[in-house]
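K.L.:
Need a 3D model of the sequence below.
(one chain, ligands or ions: 2)
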Amino acid sequence: MTPPRSARHPVRVAHLGLGAFHRAHQAWYTQVANDAEAAGPADGWGIAAFTGRRPDAARVLAAQDSVYSLLTRGPSGDEVGTVEALSRVHDGADTAAWTATLADPDVAVLTLTITEAGYLPGASAPARIRDGLAARARADAGGIALVSCDNLAGNGRVLRDAVLALTADDGDLDAWVRAEVSFVSTMVDRITPATTEQDIATVRRLAGWDDAAPVVAEPFSEWVLAGAFPAGRPPWEAAGARFVDDVEPYERRKLRLLNAGHSLLAYHGLLRGHRTIAEAAADPVLAAELERLWAEQRPGLPFDDAAVAAAEDALRGRFANARIEHRLAQVATDGSQKLVPRIVDPLRERLAAGLGPGEAQLGVLAAWTLHLLTGDARDPHADALVARLRDARDPVARASLVLDAVAPDLTDLARPLAESTASLQGANA
Ligand SMILES: NC(=O)c1ccc[n+]([C@@H]2O[C@H](COP(=O)([O-])OP(=O)(O)OC[C@H]3O[C@@H](n4cnc5c(N)ncnc54)[C@H](O)[C@@H]3O)[C@@H](O)[C@H]2O)c1
Ligand SMILES: O=P(O)(O)OC[C@@H](O)[C@@H](O)[C@H](O)[C@H](O)CO
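P.N.:
Ligands and ions are numbered 1, 2, ... in the order given. Down below sits the predicted model:
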């Protein structure tokens, strides 16, 4: 049984990448915005959400009228709410629905959660966006804001570059995109692990209906945005979103403390036999390594010491929330993409500032190397690297290959990275 909807708002937002995070974050902000305005079926902001790669999420959600439960899981209890901000869901392969949605003049915003790899040259999302924008230009449907919600530094700029790379050979479309499309940069934050069977059972008990697509998230949530919305936007500030001139300081803080910390816990934690972020964070060796990493990442953060200390303190509590089962194997995916903004950029900045490479920073790259060599890594963009690592003739050659993949300008660090990897291997033997 699906709970009856109180309203289906007109579609004014499109979304690509119908994963857990979209449902716990942007859809929840939209829900709160609609609630705050007491929006009815004729107004408010409905979302048409498209899957990124597989149709599964759309199938399951369509069977329950796109309504689902959000289980907010604090350190000492659960709260369940119903989200009905999705007005309709689609298989991303449905190109007719996609182009019709983007060509709709009522659609003012396209949000994206397509993972870091989704922006690489050759990925499908930028081409789909180009096709959608071409349909919008043909329909003369006016400006639109594209809002990347992926964990990338300068995500608005990265998206703009990826889209413009595909419009360059079509002068009219290129000029239209440059004039009409706003690429909004964002910092997004809410720890949202993949939903488990156990979560589905918990929601069944708490919500009282058989939700096949609930999503679980921590209570903490943050969204900071910079950029124009030429056709308007939901009043997301009702749920705490902040609109600023420059999102970069917030992005840096998040990527270099939270996400870098996650990567450290994931690669070291898996080598030490842990399964979740909370388990790894409770390991005294890793807790100390995390503090060391945060100290090394500190120089590039544009906040005063008190603000950084407050962010770190909040993170200690968030990582320790053992009721959020955030699997290290999930966090460890796609390291070849994630490690650049999280670890390599801050490491590079340390070197530029005349500081030595951070030992904990090198330690994360060392742990990633050993993770790749286990053969368990899920990172399609590193498959060739894994094969070459296995064939490498010695540890320094191996470290050079790793650096070449994520930091080709830093191959001088091959020897210290090889030493770090050897010592980690010894410690975990
Ligand atoms: N989960 C979180 O805590 C969290 C927090 C902040 C930001 N994010 C961002 O959101 C992204 C998705 O996280 P999630 O938890 O929803 O993961 P998920 O696995 O639940 O969903 C991933 C979504 O991305 C789509 N996708 C994957 N690869 C793609 C590609 N190459 N092109 C287009 N679409 C693709 C999938 O189809 C799916 O819809 C993350 O990669 C991250 O950048 C997640
Ligand atoms: O989402 P990913 O896979 O890029 O990274 C894993 C986690 O670090 C990430 O999802 C965090 O939990 C999230 O960024 C918190 O807001």
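K.L.:
separation between the residue in the stretch 301-429 of the chain that ligand 2 sits nearest to and ligand 1?
P.N.:
When scored by Cβ to the nearest ligand atom, the stretch 301-429 of the chain has residue 331 as its residue closest to ligand 2, at 4.3 Å. The C-beta positions use only the backbone N, C-alpha and C, and glycine is treated the same way. Distance, residue 331 to ligand 1, by Cβ to the nearest ligand atom, to the nearest Å: 9 Å.
K.L.:
list the contacts for that residue?
P.N.:
262, 263, 265, 266, 277 (Cβ atoms under 8 Å, 6 or more residues apart in numbering).
K.L.:
Taking the residues you listed, tell me the two that lie furthest apart.
P.N.:
The span of the contacts of residue 331, defined through Cβ to Cβ, is set by 263 and 277 at 10.7 Å.
K.L.:
Which one's more surrounded, those two?
P.N.:
Relative neighbour count places residue 277 above the other of residue 263 and residue 277, with 27 against 24, counting by other Cβ atoms under 10 Å.
K.L.:
Next, the more buried one: phi, psi?
P.N.:
Phi and psi for residue 277, reported as degrees, to the nearest 10, are phi -60, psi -40.
K.L.:
three-state assignment of whatever residue of the stretch 51-200 of the chain ends up closest to ligand 1?
P.N.:
When scored by Cβ to the nearest ligand atom, the stretch 51-200 of the chain has residue 52 as its residue closest to ligand 1, at 2.3 Å. In three-state terms, and counting by DSSP: H, G, I helix; E, B strand; the rest coil, residue 52 is coil.
K.L.:
so what's it up against?
P.N.:
When the contact criterion is Cβ under 8 Å, 6+ apart, the partners of residue 52 are 16, 17, 18, 19, 92, 113, 114, 115, 118, 125.
K.L.:
what about residue 21, how many neighbours?
P.N.:
Applying other Cβ under 10 Å, we find 23 residues neighbouring residue 21.
K.L.:
Only the buried subset of the contacts of residue 52, as a ChimeraX command please.
P.N.:
Selecting only the buried entries of the contacts of residue 52 in ChimeraX, with 16 or more other Cβ atoms under 10 Å as the criterion:
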select :16,17,18,19,92,113,114,115,118,125
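K.L.:
For the contacts of residue 52, please prepare TSV with the additional fields distance to residue 234.
P.N.:
Formatted as TSV, the contacts of residue 52 follow (distance: Cβ to Cβ, whole Å):
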residue	distance to residue 234
16	17
17	18
18	18
19	20
92	22
113	16
114	20
115	24
118	23
125	22
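K.L.:
From the contacts of residue 52, list the ones also adjacent to ligand 1.
P.N.:
Residues of the contacts of residue 52 in contact with ligand 1 (Cβ under 6 Å from any ligand atom): 17, 18, 19, 113, 114, 115, 118, 125.
K.L.:
Verify the contact between the third one and residue 113 for me.
P.N.:
What that stands for is residue 19. Yes: counting by Cβ atoms under 8 Å, residue 19 touches residue 113, with 5.7 Å between them.
K.L.:
tell me the mean pLDDT over the strand ranked longest in the chain?
P.N.:
Longest strand in the chain by number of residues (criterion: DSSP state E): strand 181-189. Mean pLDDT, strand 181-189: 98.
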